[in-house]
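**Q** Return a 3D structure for these sequence lines:
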Amino acid sequence: MNKLMEKPHLIFLLAIPIIMLIGILSEDTVLDMNVHDTYYVMAYLHLAILISILFGIIGIGYWFMHKTDRKLSKWLNWIHVGLTFGGTLMVWILTKFYRTELMEFI
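**A** Got it, this is the predicted structure:
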């Protein structure tokens, strides 16, 4: 694990194929978001592509810092990687437990 914290770009770049695989396997599943009176509908595949692009930018940033021999704070790397993946995992787990159908009464 210490080796991964010396090269945090590997974590982000290796997560891209996993995220894309999840997006492709989810087929026609969509994410519905309600913001006030507007519904936003996004396919999981499109969400996976956006997250992969974000992880690619972060991974390239870490790779660039590694190649230019810039010293990064290890504890900030731990916090960033932990919040990125741990927070995402926690939100996904909580949505599995707290899934209720809301009905609007007209």
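
**Q** C-terminal to the helix or strand of the chain at the bottom of the mean pLDDT ranking, what's the next element?
**A** Least confident element among the helices and strands of the chain, by mean pLDDT, DSSP states H and E: helix 2-6 (a mean of 71). Per DSSP states H and E, helix 2-6 leads on to helix 8-25 as the next helix or strand towards the C-terminus.

**Q** Describe which strands whatever helix or strand comes next after that next one pairs with in its sheet and in which direction.
**A** Downstream of helix 8-25, the next assigned helix or strand under DSSP H and E is strand 30-35. Partner strands for strand 30-35, per DSSP bridges, with pairing direction: strand 38-43 (antiparallel).

**Q** where are the low-confidence patches of the protein?
**A** 1-2, 4, 98-106 (pLDDT under 70).

**Q** Just give me the residue right at the centre of it.
**A** residue 51 (5.3 Å; CA atoms, centre = their mean).

**Q** count of neighbours near residue 48?
**A** When neighbours are counted by other CB atoms under 10 Å, residue 48 registers 20. For every residue, glycine as well, the C-beta is placed using N, CA and C.

**Q** Alright, I will stop here.
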